[in-house]
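Trainee: got a sequence here, can you model it:
(chains A, B, C and D)
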Protein chains: 2
Amino acid sequence: MSNPPLSHNDSGSSDVDVLDALIRTAHYVKREFETRLSSMDIPAYLTGPRLRLLLAVSEAGQIRMSDLAAIMGIKAITVTQFVDALEKEHLLVRMPDPKDRRATLVKLTDAAPPLVEQARAAAKRVKEKLLEPLPPEMRSQLLDILSRLADFKNVCIFETKES
Amino acid sequence: MSNPPLSHNDSGSSDVDVLDALIRTAHYVKREFETRLSSMDIPAYLTGPRLRLLLAVSEAGQIRMSDLAAIMGIKAITVTQFVDALEKEHLLVRMPDPKDRRATLVKLTDAAPPLVEQARAAAKRVKEKLLEPLPPEMRSQLLDILSRLADFKNVCIFETKES
DNA sequence: TATTGTTATACTCTATAACTATA
DNA sequence: TATAGTTATAGAGTATAACAATA
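Mentor: Presented below is the predicted three-dimensional model:
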């Protein structure tokens, strides 16, 4: 066996590994989240990102696809694909925006709300389970730390609709 | 000390959103990491996961593919695909394991070390940049918190550090 | 029978580029 | 000219299932 040189701990190997840990943990959490969700009545096609989009639509009532792209931090084409997938499952529908004929509004179908509610509740239970090992003060510490790493101030467009 | 402007305690909306924040932040960090890395001389095919595998091989010297799967927390087939990609770029090679003829050992090619070192250094610089907004004590807090969410005790087969 | 790695296949997420319709 | 959304295409990451060789 070779002895690995473990002396680069001084100038920040561990400082830097925290990012790896972040990505790895997030990946683990994401997978756990989706696995547990689909083991709970929630159909497998309702993945994390799609559910997030669906919930955004649900909160907004009606929303333009370009706004969805903005609040989710993804490209328009990706929204198109999520909407395609969810429309195929009859969870949401497209409508022309009467104010701007280039734009498309998206809203839930009449059939969607029960599943959306079920998914929201299941997601919440799963998240609570995953967060269990974390005492409350660590949760807010984590939130604080994360917000310093990346500030997602653009996420809350929901309250500001006036027009 | 500022009071966190959390809307409050119960029924848990904020309790639960910290997981979303985690996933979203990790996703942001990951994308930033890869974008900045490929804007630095590092070829685009050397993505985060592939680089991680390459570094694992580099540290191990020779390593079985099944061990790579174990320490990276991915399936054997995924290792196969990473190794395929990196072998195509002449960064690593497969060798039969003389101890077990079912197994395959992987090691760096002679050509790999310069690029590996360059990539390791670039990755470190990028990570330091991304971590800049985080004071040192928050970095260790974060590491602590993450380790409670998911314990990756299996990750360090490399360092036989005393404890 | 169990394990190692592979082929074949598939799906999700994400994107760029080129395009249409509209503003 | 610029914006909204789409088609076509691509690539990365990940996986399951079936299989061959070996243990």
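Trainee: burial count for A:Ala85?
Mentor: By other Cβ atoms under 10 Å in any protein chain shown, the residues close to A:Ala85 number 17. Every C-beta, even on glycine, is put in place using the N, C-alpha and C of the backbone.
Trainee: is any residue of the helix or strand containing it near DNA strand C?
Mentor: Per DSSP states H and E, A:Ala85 falls inside helix A:76-88. Yes: using Cβ under 7 Å from any atom of the strand, helix A:76-88 reaches DNA strand C at A:77-78, A:81-82, A:85.
Trainee: anything in that helix near DNA strand D?
Mentor: Yes: using Cβ under 7 Å from any atom of the strand as the criterion, contacts between helix A:76-88 and DNA strand D involve A:76-77, A:79-80, A:83-84.
Trainee: and those as TSV, adding pLDDT?
Mentor: As requested, these are exported to TSV (pLDDT from 0 to 100):
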residue	pLDDT
A:Ala76	97
A:Ile77	97
A:Val79	98
A:Thr80	98
A:Val83	98
A:Asp84	97
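Trainee: list the buried ones in the worst-scoring helix or strand of chain A on mean pLDDT?
Mentor: When the helices and strands of chain A are compared on mean pLDDT, DSSP states H and E, helix A:13-38 comes out lowest with a mean of 78. For helix A:13-38, a neighbour-count test (16 or more other Cβ atoms under 10 Å in any protein chain shown) marks A:15-30, A:33-34, A:36-37 as buried.
Trainee: for stretch A:123-130, same thing?
Mentor: Buried, per 16+ other Cβ under 10 Å, within stretch A:123-130: A:123, A:126-127, A:130.
Trainee: now, which of those residues sits nearest chain B?
Mentor: A:Lys127 (4.4 Å; Cβ to the nearest Cβ).
Trainee: tell me the SS of the closest one?
Mentor: Counting by DSSP: H, G, I helix; E, B strand; the rest coil, the backbone at A:Lys127 sits in helix.
Trainee: doesn't B:Leu19 make contact with it?
Mentor: Yes: at 4.8 Å, A:Lys127 counts as touching B:Leu19 under the criterion of Cβ atoms under 8 Å.
Trainee: which residues touch the closest residue to A:Ala111 other than its chain neighbours?
Mentor: Once flanking residues are discounted, A:Ala111 sits nearest to A:His90: 5.8 Å by Cβ to Cβ, 6 or more residues apart in numbering or on different chains. When contacts are counted by Cβ atoms under 8 Å, 6 or more residues apart in numbering or on different chains, A:His90 touches A:109, A:111-112.
Trainee: which bits of chain A sit near DNA strand C?
Mentor: Contacts of chain A with DNA strand C, taken as Cβ under 7 Å from any atom of the strand, map to A:44-45, A:47-50, A:74-75, A:77-78, A:81-82, A:85, A:100-102.
Trainee: and the residue of chain A found nearest chain B, what does it touch?
Mentor: Distances between chain A and chain B by Cβ to the nearest Cβ are smallest at A:Ala26, namely 3.0 Å. Contact analysis of A:Ala26 by Cβ under 8 Å, 6+ apart lists B:22-23, B:25-27.
Trainee: and if we set it to 6 Å?
Mentor: Residues near A:Ala26 by Cβ atoms under 6 Å, 6 or more residues apart in numbering or on different chains: B:22-23, B:26.
Trainee: from those residues, which single one is nearest DNA strand D?
Mentor: B:Ala26 (11.6 Å; Cβ to the nearest atom of the strand).
Trainee: any idea how far the residue lying closest to that closest one once chain neighbours are set aside is from B:Lys129?
Mentor: Spatial nearest neighbour of B:Ala26, excluding adjacent residues (Cβ to Cβ, 6+ apart): A:Ala26 at 3.0 Å. Counting by Cβ to Cβ, to the nearest Å, the separation of A:Ala26 from B:Lys129 is 19 Å.
Trainee: what do you get for A:Glu34?
Mentor: Applying Cβ to Cβ to A:Glu34 and B:Lys129 gives a distance of 31 Å.
Trainee: swap in A:Phe33?
Mentor: Where B:Lys129 is concerned, A:Phe33 sits at a distance of 29 Å (Cβ to Cβ).
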